[in-house]
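Novice: build me a model from this:
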Amino acid sequence: MVKLVIMLLVLAGLMITAPMLANNQGFVYIDTGSHVIQLSLVSMIIILILVYLAVYLLFAVIGRIAGVRKGLVNWYGSSRTEKSKKILENAISKYIEGDYAAAAALAEKGRKWSDVQYVNLILGVVSNYKSGNIAESTRLFNEAQKVLNGHAQAVSILRVKMYLEAGENEKAMNIITSLRRTAKPTKMISSLYYKCLERLGRYSEIMENRKEFLGNGLLDDKSYRRYVSEKIVDEIKVANDRYIVDKMYAELPDDICDGIDVSNAFALAYNRFGEEGKAEKIIMRNLKSTVDSSRIYSNLSQWNTSNHKITEYLEKKLRKDEAENLNNADLMAALANMYMNRNEYEKAVDLYEKLVSRAPCSDYFSRLAQCYQRLGGYQKAAMYYKQAQNDD
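Specialist: Sure, this is the predicted structure:
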């Protein structure tokens with residue numbers, strides 16, 4: 001109120017002094033039809049200011065009498081603001097419930113008197129987008145850019161989140177990549193970048209930015225390795241092009257590539273592509289470099305390979321374990337599988353017989369039955385097939 005009065009007084013002063021400096025007092029004529037009222041310009045300005053003050057004081061007095069502390073004008077504005085706040089709360093509730101069309105309508109309804117219009121705008125943008133009203137979402141987005149002028153980063157982050165929610169990962173990646181080049185790096189930008197890379201399966205880029213992701217607390221080192229390894233293993237398993245596998249094997253960091261699960265997946269892939277030499281090299285390196293080889297043995301027990309060098313290594317290892325009275329079922333299963341693949345069924349039977357007596361399971365019974373069937377022992381084959389079914 002004080003600022004407004006000061007502005008009016010300054011304006012009045014200018015309007016009064018201007019005619020005086022020009023030696024022209026100026027007159028205002030008001031024709032009511034039957035009368036003509038003539039006032040000097042100065043008198044007219046003073047009267048208008050007095051009328052404004054009188055009206056303002058009248059509203060203030062009525063407001064106080066009615067128990068509205070700040071007067072009627074402020075009370076009216078506050079009541080509308082409170083109402084718009086409740087409308088916004090309802091809009092957010094509708095959004096959480098998944099009723100995006102209702103959320104968009106409420107956000108627009110409460111926007112005029114809202115003291116946080118940018119929130120209404122942003123809610124309108126995402127609600128319209130998720131309800132399929134792309135045109136309205138774009139219109140509000142452009143408006144939000146004007147309202148949030150000087151906050152381009154916030155607007156870009158909003159659009160990235162929208163695209164990620166809609167599954168439009170390439171669009172999200174294009175924006176976040178541009179943002180990383182132009183904006184100051186933040187944890188939010190790093191998090192969105194990581195999410196885009198993850199969605200698109202670009203794990204080599206995750207590796208390249210490893211320090212950044214670890215530094216921002218997105219993953220600790222142990223979980224990071226496990227998580228990334230699991231994703232890479234899944235990628236290798238479905239790869240049907242040797243060039244893709246070669247490229248991954250060459251580009252991945254050693255500490256990830258040399259992990260047991262990842263290297264096993266690479267070996268299996270090369271074995272699948274007929275690259276037995278590469279598969280053998282990876283497996284032998286793993287067997288010689290780790291104390292706990294159980295996961296390697298478990299993997300070999302399912303492989304369709306008869307590699308001589310691996311078989312020889314497993315035989316030596318089994319003899320050593322037996323000499324030390326160690327019962328390594330995983331090692332025995334891996335070697336037995338090798339014997340089956342080499343058509344050495346008598347040797348496989350000997351190991352599977354030991355396995356079913358020490359660690360019976362349907363897989364061992366089934367494989368033992370297959371061995372007896374190949375050797376012509378059909379009665380025993382039938383007996384072990386039945387045991388395999390019962391064990392399931």
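Novice: can you show me the strands along this protein?
Specialist: Counting by DSSP state E, the chain forms strands over residues 27-31, 36-40, given from the N-terminal end onward.
Novice: what's near enough to touch G132?
Specialist: When the contact criterion is CB atoms under 8 Å, 6 or more residues apart in numbering, G132 has no partners at all. For glycine as for every other residue, the C-beta is placed from the backbone atoms N, C-alpha and C.
Novice: got a pLDDT number for it?
Specialist: Residue-level confidence at G132 comes out at 83, pLDDT.
Novice: gap between it and N120?
Specialist: G132 sits 20 Å away from N120 when distances are taken as CB to CB, to the nearest Å.
Novice: same check on D330?
Specialist: 62 Å.
Novice: looking at these two, which one has more neighbours?
Specialist: With other CB atoms under 10 Å as the criterion, D330 and N120 differ in neighbour count, and N120 comes out ahead with 24 against 17.
Novice: pretty sure that one is touching A104, no?
Specialist: No. In terms of CB atoms under 8 Å, N120 does not count as a neighbour of A104; the distance is 10.1 Å.
Novice: intersection of neighbour lists for these two?
Specialist: Common neighbours of N120 and A104, counting by CB under 8 Å, 6+ apart, are A91.
Novice: so where's the stretch 251-392 of the chain shaky on pLDDT?
Specialist: Scanning the stretch 251-392 of the chain for pLDDT under 70 picks out 291-292, 392.
Novice: redo that, cut-off 80
Specialist: When the per-residue scores of the stretch 251-392 of the chain are filtered using pLDDT under 80, the ranges that remain are 253-255, 258, 289-292, 302-306, 324-327, 391-392.
Novice: where along it do the helices fall?
Specialist: Assigned by DSSP state H, counting those that start in this stretch, the stretch 251-392 of the chain shows helices spanning 254-257, 260-272, 276-289, 294-300, 308-323, 329-341, 345-358, 362-375, 378-391.
Novice: what are the buried residues along the last one?
Specialist: Of the residues in helix 378-391, 380-381, 384-385, 387-388 count as buried by neighbour count, 16 or more other CB atoms under 10 Å.
Novice: what packs against that helix?
Specialist: Contacting helix 378-391 under the criterion 3 or more CB pairs under 8 Å, 6 or more residues apart in numbering; DSSP states H and E are the following elements: helix 362-375.
Novice: what does the third one give?
Specialist: Taking 3+ CB pairs under 8 Å, 6+ apart as the contact definition, the neighbouring helices and strands of helix 276-289 are helix 260-272, helix 294-300, helix 308-323.
Novice: ranking the ones you listed by burial, who's on top?
Specialist: Of the helices and strands packed on helix 276-289, the one with the most neighbours on average (mean count of other CB atoms under 10 Å) is helix 260-272, at a mean of 22.
Novice: counting by contacts, list what it packs against.
Specialist: Helices and strands in packing contact with helix 260-272 are listed as helix 221-238, helix 242-251, helix 254-257, helix 276-289, helix 294-300; criterion 3+ CB pairs under 8 Å, 6+ apart.
Novice: ranking these by burial, who's on top?
Specialist: Comparing the helices and strands packed on helix 260-272 on average neighbours per residue, with mean count of other CB under 10 Å, the densest one is helix 294-300 at a mean of 19.
Novice: who are the packing partners of that one?
Specialist: Taking 3+ CB pairs under 8 Å, 6+ apart as contact, the helices and strands that helix 294-300 lies on are helix 260-272, helix 276-289, helix 329-341.
Novice: the residue lying closest to S114 once chain neighbours are set aside: what's it in contact with?
Specialist: Nearest residue to S114, sequence neighbours excluded (CB to CB, 6 or more residues apart in numbering): S84, at 4.4 Å. Each residue near S84 by CB under 8 Å, 6+ apart is listed here: 110-115.
Novice: can I get the helices and strands packed on helix 260-272 in a markdown table including distance to V147?
Specialist: As requested, the helices and strands packed on helix 260-272 are arranged in a markdown table below (distance: least, CB to CB, whole Å):
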| stretch | distance to V147 |
| --- | --- |
| helix 221-238 | 39 |
| helix 242-251 | 44 |
| helix 254-257 | 45 |
| helix 276-289 | 57 |
| helix 294-300 | 56 |
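Novice: what's the closest of those to N307?
Specialist: Proximity of the helices and strands packed on helix 260-272 to N307 was assessed by CB to CB; the nearest stretch is helix 276-289, lying at 5.1 Å.
Novice: what's in contact with that closest one?
Specialist: Helix 276-289 is touched from outside by 258, 260, 263-264, 266-268, 270-271, 293, 296, 300, 305, 307, 309-310, 313, 317, with contacts defined as CB under 8 Å, 6+ apart.
Novice: if we use 6 Å, what do you get?
Specialist: The contact list for helix 276-289 (CB atoms under 6 Å, 6 or more residues apart in numbering) reads 263, 266-267, 270-271, 293, 296, 307, 309-310.
Novice: repeat that for stretch 198-212.
Specialist: Surrounding stretch 198-212, the residues in contact under the criterion CB under 6 Å, 6+ apart are 169, 190, 197, 231-232, 251, 253.
Novice: in it, which residues are buried?
Specialist: Within stretch 198-212, the residues that qualify as buried are 198, 203-204, 206-207, 209-210, 212, counting by 16+ other CB under 10 Å.
Novice: just the ones in helices from these, please.
Specialist: 198, 203-204, 206-207, 210, 212 (DSSP state H).
Novice: circling back to that earlier point, I'd like the buried residues of helix 378-391 as CSV, with distance to I92 appended.
Specialist: Compiled in CSV, the buried residues of helix 378-391 are given as follows (distance: CB to CB, whole Å):
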residue, distance to I92
K380, 70
A381, 67
Y384, 64
Y385, 62
Q387, 61
A388, 58
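Novice: help me confirm that C371 comes into contact with A348.
Specialist: Yes. Assessed by CB atoms under 6 Å, C371 is found in contact with A348 at 4.9 Å.
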